[in-house]
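Participant: What follows is a predicted structure for the sequence shown.
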Amino acid sequence: MLSIASLPSELLCMILEHATDNPLRHDKYQFISTFSTNGENAREQQLDDALKTKVALCRVSRAFKSVTDGFLYEDIRVRYGSEDLAARLEASLDANGHNHHPCHAIGCRVRRVCIYPAEDENLAQMWAGTLSRNACHVLRCCPHIEALARKNSAPLELPSPEFTELFTTDDLQLTSLRRVDWTNETYSALTDSPRMNLPLPHFIWNLPALEILSINGSSFPNLPPALSSLNVRTINLPVLHTIRLSSYNAIGMGMHYPRAQEVKFPALRRLIIGVQGAFYSAYEGCLSAHRSGVTILELGCDAGFLRLGTLRSLLRFYTNVEELRIPICTTAVDMQTFTVEEFPSVRRVLYSAAMPEADPDNEYLKENLWRQVKGHLEQFIGSNQKFVNVESITLVGEAWIPIVCGEGFKELADAIEKRGIKIVKKFFAQ
């Protein structure tokens, strides 16, 4: 009987690659899909499962290890105690500190680096001494990474940490880096104060290929006066098209506005406000000078957006928005009287009816779902018209199936379509 180990190496490689398939290998990972907040945990789980499978496969036999070496390091994790990983990557460098031939250098195979902070106070106290330094060493050995992430941890009651090597270094040459998802843990359980968080690392603000920047639990890179010489002086992200904000002061606010000589986001088109706490960041800091370029505005599935006036205020500020993406169960219907001419730029509206991933069984949201649906859709008909130039309404996700089959929806849909607005149903991912 033919054993799998006796298969030609090319065929064995295909089998093992299929067994370890993950979102990182598909270009769509480099884009944040519509209403992506609900579902991101599942994608991260796929990446974790693939890594575990790769580690298990390389332990089966020498043949398996030889094959899996080609993609074992495509997605690596930097944690406290990652000295061995940093040493292994540095060992693949030549005497001049450069990677060997791409076919042999481990660092050249890395496509994603994910940094995990310490999860208890004893380890967190050692952050400045090891994890930050190791992360820098790892990144310097991985010139072709396309994605960088730093994960969150539970809030720790600690004093403000020192500004360490990873946060102030600006000599990393990551010219292929296309996506950054950066989360700093909040160093106080009571506040998301700018003084309690670490800033986004300096090198991120001048990446030539960065397309997506997702910020959570971070304050803008403006250091205290005593360290002002380390502040970011220029901010230039020439191809950045999407920013997602999920914390207060994520992009700079008020007195924390960056003292940079220039701030450039020439390609910015899409703004995602992940939670209500990030609402104010959309008005101040760097974004205020680039609001005219934003044509897609998306809200996260956060019950904080049930506060009246949220959407109205955003549309008044971002006057060139052509496409709205709204979680219908957690976004308030602004029933105040205002003229329809306020939002003439909006052409397309996309609605999700999914419950928040963090609170899927919220009874209040479930009980009020139909009221929310009715209120939002009535904005397109009769005397409640709010968007006079909308051409299409898209219903995204499986959660819409029982709603469109329920009593009352057809009447609303018919009235909307009589206005010439097309209703598109995308219940399943394409």
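Facilitator: Looks like it came in fine.

Participant: Okay, strands next: where are they in the stretch 51-200 of the chain?
Facilitator: Assigned by DSSP state E, counting those that start in this stretch, the strands in the stretch 51-200 of the chain fall at 75-78, 112-115, 147-150, 179-183.

Participant: From the chain's centroid, how far away is the second one?
Facilitator: So that's strand 112-115. Centroid separation between strand 112-115 and its chain, computed with C-alpha atoms, centre = their mean, to the nearest Å, is 14 Å.

Participant: Give me the sheet partners of that strand and which way each runs.
Facilitator: With DSSP bridges as the test, strand 112-115 is paired with strand 75-78 (parallel), strand 147-150 (parallel).

Participant: Need the CA coordinates for that strand. CSV is fine.
Facilitator: The C-alpha coordinates for strand 112-115 follow below in CSV (Å, rounded to 0.1, in the frame of the first residue of the first chain):
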residue,chain,number,x,y,z
ARG,A,112,2.4,38.2,9.0
VAL,A,113,3.8,39.0,12.4
CYS,A,114,1.4,39.0,15.4
ILE,A,115,2.6,40.5,18.7
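
Participant: Report the mean confidence score over it.
Facilitator: Model confidence over strand 112-115 averages 91 on the pLDDT scale.

Participant: Switch the strands of the stretch 51-200 of the chain over to a markdown table; also include mean neighbour count and distance to residue 36.
Facilitator: For every residue, glycine as well, the C-beta is placed using N, CA and C. Below are these laid out as a markdown table (neighbours: other C-beta atoms under 10 Å; distance: least, C-beta to C-beta, whole Å):
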| stretch | mean neighbour count | distance to residue 36 |
| --- | --- | --- |
| strand 75-78 | 22 | 19 |
| strand 112-115 | 21 | 17 |
| strand 147-150 | 22 | 14 |
| strand 179-183 | 21 | 11 |
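
Participant: could those go into TSV alongside distance to residue 211?
Facilitator: Converted to TSV, the strands of the stretch 51-200 of the chain look like this (distance: least, C-beta to C-beta, whole Å):
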stretch	distance to residue 211
strand 75-78	19
strand 112-115	15
strand 147-150	10
strand 179-183	7
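
Participant: okay, the strands paired with strand 112-115 in JSON lines with distance to residue 264 next?
Facilitator: Listed next are these as JSON lines, based on distance: least, C-beta to C-beta, whole Å:
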{"stretch": "strand 75-78", "distance to residue 264": "30"}
{"stretch": "strand 147-150", "distance to residue 264": "21"}
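
Participant: Please identify which of the strands of the stretch 51-200 of the chain is closest to residue 268.
Facilitator: Set against residue 268 and scored by C-beta to C-beta, those come closest in strand 179-183, at 14.6 Å.

Participant: Could you spell out the sheet neighbours of that closest one, each with its direction?
Facilitator: Take DSSP bridges as the rule and strand 179-183 pairs in its sheet with strand 147-150 (parallel), strand 212-216 (parallel).

Participant: how about JSON lines for the ones you listed, with mean pLDDT and distance to residue 46 added?
Facilitator: JSON lines is the format used below for those (pLDDT from 0 to 100; distance: least, C-beta to C-beta, whole Å):
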{"stretch": "strand 147-150", "mean pLDDT": "91", "distance to residue 46": "14"}
{"stretch": "strand 212-216", "mean pLDDT": "89", "distance to residue 46": "18"}
